[in-house]
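>>> here is a sequence with its predicted model. Questions after.
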Number of protein chains: 2
Amino acid sequence: MTDSGVDTGRNMPATLHDVAREAGVSLATASRSLNGSTRRVNDEYRKRVLEAAARLDYSPNLSAQAVARGTTTTVALLVADIADPYFSSIAAGVVAEADTEHLIVTMAATERDPERELELVRTLRGQRPRVMILAGSRPVTDPTEGALAEELRAYERSGGRVVLISRNELDLRTVLVDNRGGAEALARALVGVGYRRFAVITGAEGLRTAADRVDGFRDGLIATGGELRDDDVIRDAFTRDGGYSGMQTLLERGLDGVELVFAANDVMAVGALSAIRDAGLVPGADVAVAGFDDIPTVRDVTPALTTVRMPLEELGRRALRLALSDADAPDEGVVQTEVVLRESTPGLPR
Amino acid sequence: MTDSGVDTGRNMPATLHDVAREAGVSLATASRSLNGSTRRVNDEYRKRVLEAAARLDYSPNLSAQAVARGTTTTVALLVADIADPYFSSIAAGVVAEADTEHLIVTMAATERDPERELELVRTLRGQRPRVMILAGSRPVTDPTEGALAEELRAYERSGGRVVLISRNELDLRTVLVDNRGGAEALARALVGVGYRRFAVITGAEGLRTAADRVDGFRDGLIATGGELRDDDVIRDAFTRDGGYSGMQTLLERGLDGVELVFAANDVMAVGALSAIRDAGLVPGADVAVAGFDDIPTVRDVTPALTTVRMPLEELGRRALRLALSDADAPDEGVVQTEVVLRESTPGLPR
DNA sequence: TCCTGGCGAGAAAACGCTTCCCCAGATCCG
DNA sequence: CGGATCTGGGGAAGCGTTTTCTCGCCAGGA
């Protein structure tokens, strides 16, 4: 209570030094009492230190600890766009898992720009994070690919751990998702309920995740005796607006018998639904739509969207677990996906 | 190239010391060359340092800088739930603005638990962030309120800046949003298109933001000669599922003439739409729905949701700007909201 | 009784930076 | 031409921690 001393408006937080003085012990003892040191410290002393710390409202300076220990408690997370439900769900998982490990998450947005991503990795490396998680795929043919790989490799060499989510381009630890298999299963399921003629709306050429999904979808169709014609594949931005305008493109060109549109992710599918509706058609009835990801909102759109469920939050959790696990720990394996048929694909009588 | 020395698998990142040695200058000169110091350094030397840094792939240790400078480049962001579009949009704004200021954002989720929030503030304080941004309101009558306030105050005393988003409980810097006015305007607009009998679905009692919106809505009704009966106000979780189950409650009880349901935020409204539909009714036609926030997805639900637009991303940007601005900088004022009528409130003939 | 070990407190050396301070050399002015 | 002023490099003292190392003390064994 008696805060003996001048009360200049600006009083810096108590340091460990202050705590030690207050408790009448050495700096070393104070340090040992407050963090889990291997060395025992006399209970009486420890108690005094703890009390002093509480009295001074001491909070250890994480930066100083990092410098002294040579290691931080930080995990860096890179996503394309935080407002995108796909990434925010993953982020939620990372944050939740980090919390149980007493790690702190720092987050940055690449805005789907490879240059920016590289730059961010460089910046974040300065933090010396224990882990770096990169979510969101990048073009397969990306000029900065090599530089990024080199950067990440250097980071790993210095003891960091990199985990990629759903982008196996670089030979780094990866949370693999069965995009291809999921899309293939979806195709089969859709054929199963009667659809025969398909179009696809996907992201820019060379976007790995998108490409895998389209390939898987095509495989599924071919396996069931169908096909996917190249000019029935529309490319646009891998976002809600991309889905909307991709669908518009398709409509302007004329649906020409297309019964179902597969959008390579849910946000695109949602955009497509709106485009269909805005064109005066009824999604589901006039043209069916399916997406991929099972983001939370697709339950609530009308018609509820058929999609392939990815456990997004689990992806984030798993990424962090993978990063923290021993190199020889058992692999958790590929994340399985699951087809979820909803009203946007009511089926066609045959 | 010739990395003279043993190549133990684990090579730590180059330090400033290494760079100085490589460049043949002192530590001081190296430091001055690499960061914007006030002191000039000979161009020849600077060049040598920069080259050496590039050669060694030097990346300054942010923790060490923080310790030495006594200040970090970190901003801490606390949200209730990262996967919630309301918060992820705000987060996107914070991250974007932070990026232009070359700050790094660390993020944590309170999960709407005041205890957890307090705990997180304590933890994050260890980071010595330049700024702490708290989004998401908490119960007005919260036992930990005092402790949180004390904690935040202490943080500010030590030079930190706190900014609250849309929660003016504590007398701290706040990005104020005209929740009340927005809701009032919404009520007037709805009365304007013919609605007379309203119900409200809102969050737990005492949740400030929710309360303001409901109060504003009621004010609007009263001002136009209407009313909002207390038992037409349903309380449930301030989430999508809360909206769904709140609407169920309302339906089970019997709509009893209610023409329009105002949900205190968009995620609740979206849940309500689904509940209505699942009950076999047609939202918009059988019962109108309005929300609040204008999260991205509400354009894409059916019927498109009438709501009050809040510039969510701008809120995040503004919070950071406010935190960074001088105490005497001109206040940007209350964030204005805007009523957006969509198909979920087609209007009623009178 | 003396010596050896173990225990644990405290002094001090790190950790990777920034920045104060000193000082030599260059520049300026009368 | 000599002193005053300026410029900018480098040594070294921090910053708030952790951790090694030293060393005194006490218990136990011969």
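Received it, and whenever you're ready, just let me know what you need.
>>> just for the stretch 1-150 of chain A, where's the confidence low?
Flagging of the stretch 1-150 of chain A using pLDDT under 70 yields the residue ranges A:1-10, A:139-141.
>>> how about the residues of it by DNA strand D?
Residues of the stretch 1-150 of chain A lying close to DNA strand D (Cβ under 7 Å from any atom of the strand) are A:12, A:15-17, A:27-28, A:31-32, A:34-35, A:37, A:39, A:58, A:60-61, A:64-65, A:67-69. Bear in mind the C-beta positions are built from the backbone N, C-alpha and C, glycine included.
>>> got a PyMOL select line for the buried ones in those?
Buried members of these, defined by 16 or more other Cβ atoms under 10 Å in any protein chain shown, are picked up in PyMOL with:
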select buried, chain A and resi 15+16+31+32+34+58+60+61+64+65+67
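>>> all strands of chain A, in order?
Using DSSP state E, the strands assigned to chain A run over residues A:74-79, A:104-109, A:131-135, A:161-165, A:174-175, A:198-202, A:233-235, A:260-263, A:288-290, A:307-309, A:338-340.
>>> could you pull out the helices for chain A?
Secondary structure of chain A (DSSP state H): helices at A:16-23, A:27-34, A:43-56, A:62-69, A:85-100, A:114-125, A:145-157, A:179-192, A:208-223, A:240-253, A:266-278, A:312-324.
>>> make JSON lines out of those and add distance to DNA strand C.
Putting the helices of chain A into JSON lines (distance: least, Cβ to the nearest atom of the strand, whole Å) gives the following:
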{"stretch": "helix A:16-23", "distance to DNA strand C": "8"}
{"stretch": "helix A:27-34", "distance to DNA strand C": "3"}
{"stretch": "helix A:43-56", "distance to DNA strand C": "5"}
{"stretch": "helix A:62-69", "distance to DNA strand C": "4"}
{"stretch": "helix A:85-100", "distance to DNA strand C": "24"}
{"stretch": "helix A:114-125", "distance to DNA strand C": "11"}
{"stretch": "helix A:145-157", "distance to DNA strand C": "14"}
{"stretch": "helix A:179-192", "distance to DNA strand C": "39"}
{"stretch": "helix A:208-223", "distance to DNA strand C": "34"}
{"stretch": "helix A:240-253", "distance to DNA strand C": "41"}
{"stretch": "helix A:266-278", "distance to DNA strand C": "40"}
{"stretch": "helix A:312-324", "distance to DNA strand C": "22"}
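>>> of the ones you listed, flag the one that's most buried.
Burial of the helices of chain A is given as mean neighbour count (mean count of other Cβ atoms under 10 Å in any protein chain shown); helix A:266-278 ranks first at a mean of 26.
>>> relative to B:L281, how far out is the residue nearest to A:E332 when sequence neighbours are not counted?
For A:E332, ignoring the flanking residues on the chain, the nearest one in space by Cβ to Cβ, 6 or more residues apart in numbering or on different chains is A:R318 at 6.1 Å. Using Cβ to Cβ, to the nearest Å, we find A:R318 at a distance of 40 Å from B:L281.
>>> those residues of the stretch 101-250 of chain A touching chain B, which are they?
Within the stretch 101-250 of chain A, the positions near chain B by Cβ under 8 Å from any Cβ of the partner chain are A:104-109, A:122-128, A:154, A:157-159, A:240.
>>> one more: the stretch 251-350 of chain A?
A:270-271, A:273-274, A:277, A:296-297, A:299-302, A:313.
>>> ok, for A:A210, nearest residue in space, not its chain neighbours?
Counting by Cβ to Cβ, 6+ apart, A:A210 lies nearest to A:G203, which is 3.9 Å off, once chain neighbours are set aside.
>>> give me the pLDDT value at the one you found.
With respect to pLDDT, A:G203 has a value of 93.
>>> neighbours around it, how many?
Residue neighbour count, defined by other Cβ atoms under 10 Å in any protein chain shown, stands at 27 for A:G203.
>>> wait, what's in contact with A:S166?
For A:S166, the residues meeting the contact criterion (Cβ atoms under 8 Å, 6 or more residues apart in numbering or on different chains) are A:135, A:137, A:174-177, A:179, A:209, A:315.
>>> which of the strands of chain A is buried the deepest?
Highest mean neighbour count among the strands of chain A (mean count of other Cβ under 10 Å): strand A:260-263, with a mean of 31.
>>> look up how far chain B lies from the closest residue to A:T249 other than its chain neighbours.
What sits nearest to A:T249 in space, not counting adjacent residues and going by Cβ to Cβ, 6+ apart, is A:I234, at 5.4 Å. With distances defined as Cβ to the nearest Cβ, to the nearest Å, the gap from A:I234 to chain B amounts to 19 Å.
>>> surely A:I234 meets A:G203?
No: at 10.4 Å, A:I234 does not count as touching A:G203 under the criterion of Cβ atoms under 8 Å.
>>> quick check: pLDDT value at the residue nearest to A:E332.
Each residue has a pLDDT score; the one for A:R318 is 96.
>>> next one: the closest residue to A:D212 other than its chain neighbours, what pLDDT does it get?
The spatial neighbour of A:D212 that comes closest, neighbours along the chain excluded (Cβ to Cβ, 6+ apart), is A:N179 at 4.1 Å. pLDDT, A:N179: 94.
>>> contacts only, for A:N179.
Listed by Cβ under 8 Å, 6+ apart, the contact set of A:N179 reads A:166, A:209, A:212-213, A:216, A:292, A:337.
>>> and those, which is closest to B:A263?
Within the set of the contacts of A:N179, A:F292 lies nearest B:A263; the separation is 29.0 Å, counting by Cβ to Cβ.
>>> which residues does the nearest residue to that closest one once chain neighbours are set aside form a beta bridge with?
For A:F292, ignoring the flanking residues on the chain, the nearest one in space by Cβ to Cβ, 6+ apart is A:V308 at 4.7 Å. Taking DSSP bridges, one finds A:V339 as the beta-bridge partners of A:V308.
>>> my read: A:T345 touches A:V289, true?
Yes: applying Cβ under 8 Å, one finds A:T345 in contact with A:V289, separated by 7.3 Å.
>>> measure A:V270 to B:P296 for me?
The value you get for A:V270 to B:P296, if Cβ to Cβ is used, is 10 Å.
>>> what touches both of these two?
Here A:V270 and B:P296 have A:R240 as joint contacts, going by Cβ under 8 Å, 6+ apart.
>>> before we move on, back to that, which residues do A:T345 and A:V289 both contact?
Residues touching both A:T345 and A:V289 (Cβ under 8 Å, 6+ apart) are A:260, A:306.
>>> list the contacts of A:T144.
Each residue near A:T144 by Cβ under 8 Å, 6+ apart is listed here: A:114-115, A:117-118.
>>> my bad, should have said A:P303
Applying Cβ under 8 Å, 6+ apart, one finds that A:P303 lies in contact with A:273, A:283-284, A:342-344, A:346.
>>> distance of A:R196 relative to A:P349?
Distance of A:R196 to A:P349, computed by Cβ to Cβ: 12 Å.
>>> more neighbours, the two?
Legend: neighbour count by other Cβ under 10 Å for A:R196 and A:P349, higher for A:R196 (17 against 5).
>>> touching, the more buried one and A:T224? I think so.
No: the pair A:R196 and A:T224 does not pass the contact test of Cβ under 8 Å, sitting 9.4 Å apart.
>>> convert stretch A:251-269 to CSV, retaining C-alpha atoms only.
Coordinates of each C-alpha in stretch A:251-269 appear next as CSV, following Å, rounded to 0.1, in the frame of the first residue of the first chain:
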residue,chain,number,x,y,z
LEU,A,251,-24.5,-18.1,-66.6
GLU,A,252,-23.6,-15.6,-69.3
ARG,A,253,-22.0,-18.3,-71.3
GLY,A,254,-25.2,-20.3,-70.9
LEU,A,255,-25.6,-23.2,-68.5
ASP,A,256,-26.0,-25.5,-71.5
GLY,A,257,-27.2,-28.5,-69.6
VAL,A,258,-24.9,-28.2,-66.6
GLU,A,259,-26.8,-29.7,-63.7
LEU,A,260,-24.4,-29.1,-60.9
VAL,A,261,-21.6,-26.6,-60.2
PHE,A,262,-18.8,-27.6,-57.9
ALA,A,263,-17.0,-24.7,-56.4
ALA,A,264,-13.5,-25.5,-55.1
ASN,A,265,-14.3,-24.0,-51.7
ASP,A,266,-17.3,-23.0,-49.7
VAL,A,267,-16.9,-19.3,-49.8
MET,A,268,-16.9,-19.5,-53.6
ALA,A,269,-19.9,-21.8,-53.5
